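S.K.: This is a predicted model, with the sequence first.
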Amino acid sequence: MLTSNRIRSVGAACLGGLLAMSALPAKAAWEPTRPVEFIIPAGTGGGADIMARTIQGIVAKHNLMKQPMVVINKSGGAGGEGFLDVKGSPGNPHKIIITLSNLFTTPLATGIPFNWKDLTPVAMLALDEFILWVNAEKPYKTVKEFIDAAKAANGTFKMSGTGSKQEDQIITEAIQKSANVKFIYIPERGGGAVATQLVGNHVDSTVNNPNEAVSHWRAGKVRPLCVFDGKPMPYKEVIADGKSWADIPTCKSQGLDMEYLMLRGIFMSPKATKEQVDYYIGLFQKVRETPEWQKLMADGAFNATFMTGADYTKWVADAEKTHVELMTAAGFLAK
Amino acid sequence: MEEIGHLFQGFQTVLEPYNILLMAIGVLLGVIIGVLPGLGGANGVAILLPLTFSMSPTSAIIMLTCIYWGALFGGAITSVLFNIPGEPWSVATTFDGYPMARKGQAAEALTAAFTSSFIGALFAVIIITLVAPQVARFALAFGPAEKFAVYFLAFCSFVGLSKEPPFKTIAAMMIGFALASIGLDMMTGQLRLTFGYTPLLSGVNFLIAVIGLFGIGEILLTMEEGLQFKGSAARIRARVVWQTWLEMPKYWATIIRSCFIGSWMGITPAGATPASFMSYGIAKRISKRGKHFGTGEVEGVIAPEVANNAAGTSALLPMLALGVPGSPTAAVLLGGLMIWGLQPGPMLFIEQKEFVWSLIASMYLGNLAGLIIVLTCVPLFAAILRIPFSIIAPVILVFCAIGAYSVNNSTFDVMLMMGFGVIGYLMKKCNYPMAPLVLAIVLGDKAEESFRQSILGSQGSLGVFFSNGLVGTIMTLGLIAAFWPLISRGLDVLRRGVAARA
C-alpha cells in the first residue's frame, strides 16, 4: 500500500508540474488543444462549402494552426441544423461556423429557436455580390429594357434562385417592389443549377453570385445587367465581350433601388472568451494574407471587406434589421 | 481527330509514375469508402479534398476521381455479400446479387458486378471522348418538366414489378414518399413533419433507411433462421472469374441497353441511383428469364451495375462542361476544381485542354486499374462469407452504426437505423416489398420538387409535361411502362386472335 501510495503521490506531483508548465504559455495566448470543428450550414459544393474548404486547405498548407481543422457539413433545415449544433455547445472553443444569409433567413422563415446573438461573432471574411443576369440571346441590354420586357410579359417572366425565402427570393421581392413588376420565382437547390436553367432558357433571369455564373458569361451565354452593391466592383480584369466586373453598373444607378450583399462570416460557440475570439481573428487575418485567399476573392469577384469586434457585431445587427424588414414586407416570416 | 491527339497527350500525363501511384491509392481508398456503408463517395472525396491542395490540379483530380471510381466499384461488395448497399446506387444490385450469394455464387455475382461496372464506365468515357460538346448541349434542354418526366419514367418502369399484391407495393411506396417529405420543403422554405424536433430538421437520409431496412433487417432474419449465412458452403475458385466472363456475352442486349440508360441518366443529370433502378426494371420486363429476377439471376446484377457506373461516369460531363454536378460526389469535385483555380463550365474544354484530356485519360486508366484491383480481390471478398456468423454479424452491426452516424454526425440517425431494421424485418415477414419504399425515399423529394417547379412555371397547367417533343416522349414512355402489364395482355389477346383466325 505504502509503495503504491508513494507512486501515486509522485505521479500526482509530476502531473501537477506538467500542468503548471503547460499553464504558463497558455496565459500568454489561447490556442486550440483539440481539432477544431468547422461547421458549414450548407451542402457540399456550394459557395460557403468552397470557401470553408479553401480555408481548411490554406490552414493546412501554410501550417497556420497546430491542431487540424475538420470541416463538417450540417445543412439540414436550410442550415438550421448547423446553427443549433453550435448554439448547443456553449463554452466549446473548438467549434466555429461559417455563415451566409441563412443566419437570418432560416430562423425567420422556419421559426427554429435560433438567433445570431446566441453565437459569439468572430470576423467578417468577405461579402458576396449579387448580379442580375439574363440569357445573352435575349435582346435587352440594360435594366430598363429588361424591366420593360418583364412588364410587357405581364407576370409570366420567370426568375430562378437558390432556395425559398432565402436571399435570392428576397432580392426578387425587392426588384418587384422597386420596379413594380411581377416575376414567377422558381427555387432550385444550388447556384449552379440556377445558372444552367438560365443558359437553357428555362427561366428569364437570375440573381446568381459572380462565381456561379462567370463561366457562362465567359462562354457568351449570359449577360450581367447590374450589381446589387452600393458601388461597382473593383476587379478590372477583362472577363468577356471586353467587359470586366468593374464595368457592370450598380442597380441603383439603373433605377433599381436595391442593395444586397451576403455575409460570409465566422461565428463561434456561445460563451467564448476574448482570448479565444482573438486567436481565431488572428488565424483568419493570416489566412487573408495568403495568395490562395486573394485568388479566391478575385475569381469570385468578392467584396473583400474584413471586420471584427464591435464593427462586425454592429454590421450583423443592422443586417438582421434589414432582413426582418424585407422578409416582413414579403410575407416570408414563419407563422 | 484533334481530340484523339489531345487524348494521347493526356495518357502521357497520366502514365507518369507519380500519377499511377496516386491512381492506385485513389482506387483502394475508394473501394474502402464504397464498402463502408454511409461513408459515401461524396463524403470520402470531401474529406480528402484538402490533402490535394499541394498537388498539381491534374494529379489532384486523378486521385479524387479514382476514389470516385473505387467507390462505384466498392458499393457492390457489401450489397452482394450482406444485402447492405454501401452506396445508394447499389441498392438494385442487392435484388439479385444477395440471392446469388445465398445460393453459393458470391464470387460469380461479384465478378459480374465488377465487370459490368467496368463496361458501363468504359462506355460512358467513350461517349465523353467522342461527343462531349454535343452531349453537354443536350443536358441544357432539361428544365424542371423534363426532369420530372425522367423521375416519372423511373417510377413507372419500376412499379408493377414485384410479385407482391399491388396494394402492398403502393402502401410501401407511400410510406417512402411520406418519409421523403420530412425536413425542409425546398419550394416554400417551411419545415414539414419535424414536430419541432431538431434531429428531424435534416430529414430521413436515404442511406439510414437503406442500411436499416436491408442490413439490420437481414441480420435479424438470419438470426431467426439459424445464425448462419447460407452461402458459407461455397467453394471459392479463381477460375470463377473466367467462367463468369464466358457467360456474360449472352447478356449483350441487357448490357448495351443499360449502357445507354446509364449514360443518358448521368448526363441529364438524374444520377446513378434512378439509372440503376430503371435499368433493373426494364431488364426484368424484357428478359426471357425476367420471372426469375430476384432469385439470383446474373442478368439482374449486370443490368443495375452497368447502368450505375455508366451514369456515375457520365455525370462528370455536365459538371465539367456546364458546372452542374450530376451527382453529390461530382458536386464535391466541382468545389475542388474551383479551389484549384479551374472554372468549370463551357470554357474549360477550350482553355484547360491539358487538364480536361488528362482527366478523360485517367477515366480510362483509373477504371482499368480499379477493375484489376477488385477482380484480384474477388476470392478474398467472397471468403468473408466463411467467417462464422456469430463473429461477422457484430462487426457488420458496428460498421452499420458507424456508417449511419457518419452520414450526418448524429447519434439520432443510429437509433433511426435500428428502428428501420425492425421495420425491415416486419416488412419481410409480412411480405411487403421494400424496393418501392426505397425508390420513393430516394427520388420522392426530387420528383416532388421538379413537379412543383414545372407547375409553378406553367402557372398550374399540366400541359407543361407535353409541351415539347422531349418531355412529351419521356412522359409517354413512362405511361407505357406503367400500363405495360395491361398493354402486353392486350397484345397477347390480339396475337391469339390472329393465330386463331389463321
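M.R.: Looks like it arrived, so ask away.

S.K.: quick check, distance from the longest helix along chain B to the centre of its chain.
M.R.: Secondary structure of chain B per DSSP state H: the longest helix is helix B:106-140. Taking the mean C-alpha point of helix B:106-140 and that of its whole chain, the gap between them comes to 12 Å (C-alpha atoms, centre = their mean, to the nearest Å).

S.K.: Next secondary structure element downstream of the helix or strand hosting B:Met427?
M.R.: With elements taken from DSSP states H and E, the one containing B:Met427 is helix B:411-429. If you walk from helix B:411-429 toward the C-terminus, the next helix or strand you reach (DSSP H and E) is helix B:435-457.

S.K.: Just the buried positions in the helix or strand that that following helix is followed by, please.
M.R.: Sequence-wise, the next helix or strand beyond helix B:435-457 is helix B:469-482, with elements assigned using DSSP H and E. When neighbours are counted by 16 or more other C-beta atoms under 10 Å in any protein chain shown, the buried residues of helix B:469-482 are found to be B:Val471, B:Ile474, B:Met475, B:Leu477, B:Gly478, B:Ala481, B:Ala482. Where C-beta positions appear, they are placed from N, C-alpha and C, glycine not excepted.

S.K.: quick one: contacts of helix B:469-482?
M.R.: Outside helix B:469-482, the residues within contact range by C-beta atoms under 8 Å, 6 or more residues apart in numbering or on different chains are B:141, B:145-146, B:149-150, B:152-153, B:155-157, B:159-160, B:281-282, B:464-466, B:487.

S.K.: and those, which are buried?
M.R.: Among the contacts of helix B:469-482, those that count as buried by neighbour count (16+ other C-beta under 10 Å) are B:145-146, B:149-150, B:152-153, B:155-157, B:159-160, B:281-282, B:464-465.

S.K.: quick one: which of the buried residues of helix B:469-482 is nearest chain A?
M.R.: B:Val471 (11.3 Å; C-beta to the nearest C-beta).

S.K.: Up against chain A, what does the stretch 101-250 of chain B have?
M.R.: Proximity of the stretch 101-250 of chain B to chain A (C-beta under 8 Å from any C-beta of the partner chain) is limited to residues B:139-144, B:183-191, B:194, B:198, B:201-203.

S.K.: One more pass at 6 Å, please.
M.R.: Within the stretch 101-250 of chain B, the positions adjacent to chain A are B:Leu140, B:Gly143, B:Leu184, B:Met186, B:Met187, B:Thr188, B:Gly189, B:Leu191, B:Thr198, B:Leu201, B:Ser202 by C-beta under 6 Å from any C-beta of the partner chain.

S.K.: Distance check, the first one against A:Ala193.
M.R.: When you say that, I think you mean B:Leu140. Using C-beta to C-beta, to the nearest Å, one obtains 12 Å as the distance from B:Leu140 to A:Ala193.

S.K.: just the fifth one next, same as before
M.R.: Remark: distance between B:Met187 and A:Ala193 (C-beta to C-beta) = 14 Å.

S.K.: What about B:Ile4, how many residues nearby?
M.R.: Applying other C-beta atoms under 10 Å in any protein chain shown, we find 11 residues neighbouring B:Ile4.

S.K.: Can you tell me which helices and strands the strand or helix carrying it packs against?
M.R.: B:Ile4 is located in helix B:2-14, with elements delineated by DSSP H and E. Packed against helix B:2-14, as judged by 3 or more C-beta pairs under 6 Å, 6 or more residues apart in numbering or on different chains; DSSP states H and E, are the following elements: helix B:353-376.

S.K.: export the helix it packs on as PDB, just CAs?
M.R.: Backbone C-alpha positions of helix B:353-376 (Å, rounded to 0.1, in the frame of the first residue of the first chain) are rendered in PDB as follows:
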ATOM      1  CA  LYS B 353      -7.200  21.300 -72.700                       C
ATOM      2  CA  GLU B 354      -4.300  19.600 -70.900                       C
ATOM      3  CA  PHE B 355      -6.300  19.200 -67.700                       C
ATOM      4  CA  VAL B 356      -9.500  18.000 -69.400                       C
ATOM      5  CA  TRP B 357      -7.800  15.400 -71.500                       C
ATOM      6  CA  SER B 358      -5.600  14.200 -68.700                       C
ATOM      7  CA  LEU B 359      -8.800  13.700 -66.700                       C
ATOM      8  CA  ILE B 360     -10.500  11.800 -69.500                       C
ATOM      9  CA  ALA B 361      -7.400   9.700 -70.000                       C
ATOM     10  CA  SER B 362      -7.400   9.000 -66.200                       C
ATOM     11  CA  MET B 363     -11.000   7.800 -66.600                       C
ATOM     12  CA  TYR B 364      -9.900   5.100 -68.900                       C
ATOM     13  CA  LEU B 365      -6.900   4.000 -66.900                       C
ATOM     14  CA  GLY B 366      -8.500   4.500 -63.500                       C
ATOM     15  CA  ASN B 367     -11.300   2.200 -64.400                       C
ATOM     16  CA  LEU B 368      -8.900  -0.400 -65.700                       C
ATOM     17  CA  ALA B 369      -6.800  -0.200 -62.600                       C
ATOM     18  CA  GLY B 370     -10.000  -0.400 -60.500                       C
ATOM     19  CA  LEU B 371     -11.200  -3.500 -62.300                       C
ATOM     20  CA  ILE B 372      -7.800  -5.300 -61.900                       C
ATOM     21  CA  ILE B 373      -7.600  -4.400 -58.200                       C
ATOM     22  CA  VAL B 374     -11.100  -5.500 -57.300                       C
ATOM     23  CA  LEU B 375     -11.100  -8.600 -59.500                       C
ATOM     24  CA  THR B 376      -7.900  -9.900 -57.900                       C
END
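
S.K.: Which residues in that helix does the neighbour count mark as buried?
M.R.: Going by 16+ other C-beta under 10 Å, helix B:353-376 has these buried residues: B:355-371, B:373-375.

S.K.: circling back to that earlier point, buried stuff in the longest helix of chain B?
M.R.: Within helix B:106-140, the residues scored as buried using 16+ other C-beta under 10 Å are B:106-125, B:127-129, B:132, B:135-136, B:139-140.

S.K.: Spell out the residue ranges of the helices in the stretch 101-250 of chain A.
M.R.: Taking DSSP state H, counting those that start in this stretch as the criterion, the stretch 101-250 of chain A contains helices spanning A:102-110, A:143-152, A:167-179, A:191-199, A:210-218.

S.K.: For B:Thr13, which of those helices is the nearest?
M.R.: helix A:210-218 (23.3 Å; C-beta to C-beta).

S.K.: Tell me how many other residues surround residue 300.
M.R.: Looking at chain A here, since you left the chain open. The criterion is other C-beta under 10 Å. On that basis, A:Gly300 has 24 neighbouring residues.

S.K.: that answer is for a different chain, and I need it for chain B
M.R.: The local packing count at B:Gly300 equals 30, with neighbours defined by other C-beta under 10 Å.

S.K.: roughly how far apart are B:Gln12 and A:Trp217?
M.R.: For B:Gln12, the distance to A:Trp217 under the criterion C-beta to C-beta works out to 33 Å.

S.K.: Then B:Leu385?
M.R.: According to C-beta to C-beta, B:Leu385 and A:Trp217 sit 55 Å apart.

S.K.: From A:Ile248, how far out is the spatially most central residue of chain B?
M.R.: For chain B, the residue whose C-alpha lies nearest the mean C-alpha position (C-alpha atoms, centre = their mean) is B:Trp89; its distance is 1.9 Å. Using C-beta to C-beta, we find B:Trp89 at a distance of 42 Å from A:Ile248.

S.K.: Point me to the residue of the stretch 151-300 of chain A nearest chain B.
M.R.: In the stretch 151-300 of chain A, the residue found nearest to chain B is A:Ser215; the distance is 2.4 Å by C-beta to the nearest C-beta.
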